[in-house]
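> Coordinates for the following, if possible.
(one chain, ligands or ions: 1)
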Amino acid sequence: MGLLTDLPSTVLYSGAALLGVTSHLAVFIRGEWHMQAPILFWVYNFLIIFIFIIFQQHRPNPFRATIFIATSYNIGLFTSISVYRLYFHRLRHFPGPKPAAVTKFWHVWQCRHGKNHLVIERLRAKYGTVIRTGPEELTIIDPSVSSTVDGPRSSCTKAVWYDFLLPEIAINTTRSLAEHDERRKVWDRGFSSKAMIQYEERVRHHAEILAQRIETLSREGNPVNVSDWFYFFTFDVMGEFAFGQGFEMLHSQKWHWAVRLLRRAMSLLGPFSAVPWLAQIAFYITPWMWIVRDWLGMMEWCKLRMGERIARHGKGTERKDVSHWLIEDSLQKGTLEKDREWLNGDAVTIVIAGSDTIAPTLVFAFYELVKNRDLQERLRQELDKVDIYDKVELARCELLTAVIKETMRLWPAVPTGGYRQTPGEGIEIAGIWVPRGVTIVSPRWSLGRLEEAYEKANEFIPERWTTRPEMVRDGRGFQPFSQGRFNCVGKALAMAEMRFVIALLVTRFEVGFWGHERGKKLVGELRDQFTASPGSLKLEFRVRS
Ligand code: HEM
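Numbers count the residues shown, from 1 in each chain. Next up, the predicted model:
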């Protein structure tokens with residue numbers, strides 16, 4: 001204690017700065033620390049209070065001395081981190097903004113309006129294909145990346161980002177390959193062709209309600225804000241698949257409060273997903289705060305619904321939904337109580353992954369169909385020739401599938417997300433050697449707009465997927481559902497759902513922009529918060545005679 005109180009101030013502050021440098025070089029330089037962030041936060045604050053108490057008895061101005069000591073430590077720590085990341089780090093030779101190499105906070109600031117897709121586009125224009133977008137992160141905009149990091153021979157894992165939601169755990173957030181593969185087997189059972197038939201019936205039922213609602217609005221001479229209605233539809237469907245009960249938004253014609261919470265909480269993923277350690281601190285230390293409270297409130301709501309869903313399992317009233325298969329597996333293994341966190345997390349996954357992806361894709365598909373009325377008419381002609389209630393016939397409609405694919409290319413539901421981490425031995429990606437432990441970002445938004453990969457890349461031309469294949473110069477980067485072990489388990493359901501909704505609405509209505517609407521808000525207010533969150537789009541649906 002004497003050492004701390006008797007030493008001259010300059011020696012004390014220099015010692016604190018040296019301790020900062022040492023703690024970086026000896027401890028923090030290795031491994032991942034984001035999950036320890038809450039503990040580190042408490043230890044740091046506890047030590048500061050402790051030093052202040054000691055100084056109170058021995059220093060003339062204890063408060064000032066404590067602040068100086070903390071500041072000296074911080075300066076030592078952050079100078080060491082910055083110098084190391086800029087001049088000695090394994091990624092120092094990669095181009096990119098210097099502040100991004102020092103701290104992820106640079107990216108947080110750039111994404112403060114939820115426009116990561118545009119931030120990356122600006123960086124691509126300035127730095128080219130490979131950009132260091134974080135101290136340990138490379139964004140690589142090359143069509144070959146997906147097959148390298150997600151292909152069958154890849155041993156890449158999911159990156160630190162996926163710890164963002166801990167302690168909740170779910171199939172799409174676990175970073176353990178073994179745990180993921182085990183859980184995936186259970187999920188696959190829930191998406192067997194037998195299970196799919198039951199889901200599709202319910203999708204159709206809800207789509208019919210959607211069409212009726214739209215018809216009522218249209219007959220009353222009202223616009224249809226598809227950025228609301230397509231979300232009402234998808235959330236109602238997925239709520240049923242997760243908890244055996246929808247959110248009833250198609251009936252109430254307004255947002256369910258839990259979905260509102262969920263969507264507000266998802267906005268966290270826009271700017272803050274770059275710093276998962278900050279999210280951990282917020283979850284543990286400030287659970288009462290603003291969006292954190294929304295997130296935790298939404299999780300609690302899902303937990304309660306899942307509890308009710310489990311209670312209904314096996315009773316005569318139960319309808320087979322995705323949760324049925326997850327609960328059934330836990331019951332068979334006798335691990336229901338142990339698996340509760342998985343079941344809660346997976347239920348949230350069903351709702352978010354199933355709704356927040358299909359809804360924006362439908363919104364943008366209709367945006368493109370109203371921009372190009374000739375295309376809409378050609379699609380209608382194709383659909384008028386088939387029985388849209390026949391799933392197989394619908395899947396054979398080439399233009400319909402092409403419209404969906406082209407929408408997913410230009411307006412991907414997951415615009416920049418899907419981060420991977422390079423394995424222990426490092427890996428060659430797009431002809432570059434990337435060392436171990438590096439986060440790889442391969443943004444679909446930018447890949448879909450690569451002129452090297454697509455002729456007239458910024459134009460919506462569905463024929464590139466049918467009669468004009470030469471317009472796809474390099475299709476390897478087109479992975480809207482991802483590929484390999486982490487690929488989308490709901491892909492077939494999603495395609496069937498989107499095909500049916502588009503077919504139903506296009507054959508029943510003629511669709512145009514409402515009034516002076518031209519989609520300015522839709523695109524201008526589009527936010528990238530892992531999934532795409534579009535602005536509003538008001539359309540006019542006129543019942544076909
Ligand atoms: C347009 C519709 C959809 C698109 C574009 C889409 C896209 C994706 C993508 C890109 C991934 C990989 C995410 C990552 O790497 O972190 C993914 C995973 C996943 N999706 Fe979808 N998805 C769609 C619909 C659905 C539906 C309807 C469900 C059903 C509940 C679903 C459930 C999942 C699940 C559970 C995963 C995690 C799979 C795993 O890690 O094994 N998705 N999806």
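> which bits of the stretch 101-250 of the chain sit near the ligand?
When proximity is defined as CB under 6 Å from any ligand atom, the stretch 101-250 of the chain approaches the ligand at 171-172, 184. (C-beta placed from N, C-alpha, C; glycine too.)
> Pick out whichever of the residues you listed sits closest to the ligand.
In terms of CB to the nearest ligand atom, no member of these lies closer to the ligand than Asn172, at 3.6 Å.
> wait, doesn't the closest one sit right on Thr349?
Yes: the pair Asn172 / Thr349 is scored as a contact, 5.4 Å apart, by CB atoms under 8 Å.
> Quick check: which ranges of the stretch 301-450 of the chain have low pLDDT?
By pLDDT under 70, the low-scoring segments of the stretch 301-450 of the chain are 317-318.
> try 90 this time
In the predicted model, the stretch 301-450 of the chain carries pLDDT under 90 at residues 301-303, 314-320, 341, 348.
> Could you dump the residues of the stretch 101-250 of the chain next to the ligand into a markdown table with neighbour count, secondary structure and distance to Phe247 added?
Supplementary listing: those in a markdown table, determined by neighbours: other CB atoms under 10 Å; DSSP: H, G, I helix; E, B strand; the rest coil; distance: CB to CB, whole Å:
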| residue | neighbour count | secondary structure | distance to Phe247 |
| --- | --- | --- | --- |
| Ile171 | 21 | coil | 22 |
| Asn172 | 22 | coil | 21 |
| Arg184 | 16 | helix | 27 |
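> need these in a markdown table with pLDDT, can you?
Conversion of these to a markdown table gives the following (pLDDT from 0 to 100):
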| residue | pLDDT |
| --- | --- |
| Ile171 | 94 |
| Asn172 | 92 |
| Arg184 | 96 |
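> Would you mind checking which of these is nearest to Asn225?
Asn172 (29.2 Å; CB to CB).
> measure the closest one to Trp161 for me?
Counting by CB to CB, to the nearest Å, the gap from Asn172 to Trp161 is 11 Å.
> how about the residues of the stretch 251-400 of the chain that lie near the ligand?
The interface of the stretch 251-400 of the chain toward the ligand, taken as CB under 6 Å from any ligand atom, is made up of 349-350, 353-354, 357-358, 361.
> filter those residues to the buried ones?
Listed as buried from those are 349-350, 353-354, 357-358, 361; burial here means 16 or more other CB atoms under 10 Å.
> Out of these, which is nearest to Tyr389?
Ile358 (19.1 Å).
> If we go by neighbour counts, what in whichever strand or helix holds the closest one is buried?
Of the helices and strands defined by DSSP states H and E, Ile358 is found in helix 340-371. By 16+ other CB under 10 Å, the buried positions in helix 340-371 come out as 342-370.
> What is the neighbour count of Asn390?
If you look again at residue 390, you'll see it is Asp, not Asn. The number of residues packed near Asp390 is 10, by other CB atoms under 10 Å.
> same deal with Leu375?
Leu375 has 20 neighbours, counted by other CB under 10 Å.
> So for the residue of the chain found nearest the ligand, what's the nearest residue that isn't a sequence neighbour?
Scanning the chain for the residue nearest the ligand gives Gly490, at 2.2 Å (criterion: CB to the nearest ligand atom). Counting by CB to CB, 6 or more residues apart in numbering, the nearest residue to Gly490 once its immediate chain neighbours are dropped is Gly354, at 5.8 Å.
> what sits against Ser267?
Contacts of Ser267 were listed using CB atoms under 8 Å, 6 or more residues apart in numbering, and they are 114, 291, 527, 529, 533.
> What subset of those residues is buried?
For the contacts of Ser267, a burial check counting by 16+ other CB under 10 Å picks out 114, 527, 529, 533.
> Of the residues you listed, which belong to strands?
When DSSP state E is applied, these are split such that 527, 529, 533 fall in strands.
> from the residues you listed, which single one is nearest Leu278?
Using CB to CB, the shortest approach to Leu278 within those belongs to Gln529, at 15.7 Å.
> Specify the beta-bridge partners of that closest one.
On the basis of DSSP bridges, Gln529 takes part in beta bridges with Thr531.
> tally of neighbours for the residue lying closest to Gly190 once chain neighbours are set aside?
Among residues not flanking Gly190 along the chain, Trp325 sits closest, at 3.5 Å (CB to CB, 6+ apart). The criterion is other CB under 10 Å. On that basis, Trp325 has 17 neighbouring residues.
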